[in-house]
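[1] Sequence plus the predicted model coming up.
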Amino acid sequence: MDQFDGIIAESLKPLIEGLRNARLSHNWSQADMAARSGISRSAYQNLENGCGNITLVNLLAILAVLKLEQNLSLLIPPTLEPIKSDRRRARRRKIQQSS
């Protein structure tokens, strides 16, 4: 595992723990969760163990089964800087206003 993989693994820990806790709150096994979300048991087990890869579609299926899909936006941090295209528009406006 290189340094980048370690950073990714650390940043995913809260997500994985949240999914595990949500599953356990329903008293579902990993096999139950996998079956309900339409993925293989081994794929789900790998997700909870922090190894392997999961597709966005499978993650959305898991969140939907747990009724957590509305929380997906919470995983995306707010941006601190405006998007470059917004900066370009602002620059154009400033140039137009000064002409």
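    Nice, I can see it.

[2] Can you list the residue ranges for helices in the chain?
    Assigned helices in the chain, in chain order: 3-25, 30-37, 41-48, 56-65, 84-98 (criterion: DSSP state H).

[3] Skip the chain neighbours and tell me the closest residue to the spatially most central residue of the chain.
    Central residue of the chain (Cα atoms, centre = their mean): Leu75, 5.5 Å from the mean position. Excluding its sequence neighbours, the residue lying closest to Leu75 (Cβ to Cβ, 6 or more residues apart in numbering) is Leu15, at 6.7 Å. Where C-beta positions appear, they are placed from N, C-alpha and C, glycine not excepted.

[4] distance of the residue lying closest to Asn46 once chain neighbours are set aside from His26?
    Nearest non-adjacent residue to Asn46, counting by Cβ to Cβ, 6+ apart: Gly52, 3.1 Å away. In this view, Gly52 and His26 are 22 Å apart by Cβ to Cβ, to the nearest Å.

[5] Please apply the same query to Ile54.
    Going from Ile54 to His26 by Cβ to Cβ gives 19 Å.

[6] what residue ranges in the protein score low on pLDDT?
    Along the chain, the parts satisfying pLDDT under 70 run over 1-5, 7, 77, 79-92, 94, 99.

[7] at 90 what do you get?
    The model of the chain has pLDDT under 90 over residues 1-15, 49-54, 56, 69-99.

[8] Compare neighbour counts for Ile54 and His26 and give me the winner.
    For Ile54 versus His26, neighbours defined as other Cβ atoms under 10 Å are more numerous around Ile54 (15 against 12).

[9] Now the phi/psi pair for that one, please.
    Main-chain torsions, Ile54, degrees, to the nearest 10: phi -130, psi 140.

[10] Just confirm the residue nearest to the centre of the chain contacts Pro14, I think it does.
    No: between Leu75 and Pro14 there is no contact under Cβ atoms under 8 Å: 9.1 Å.
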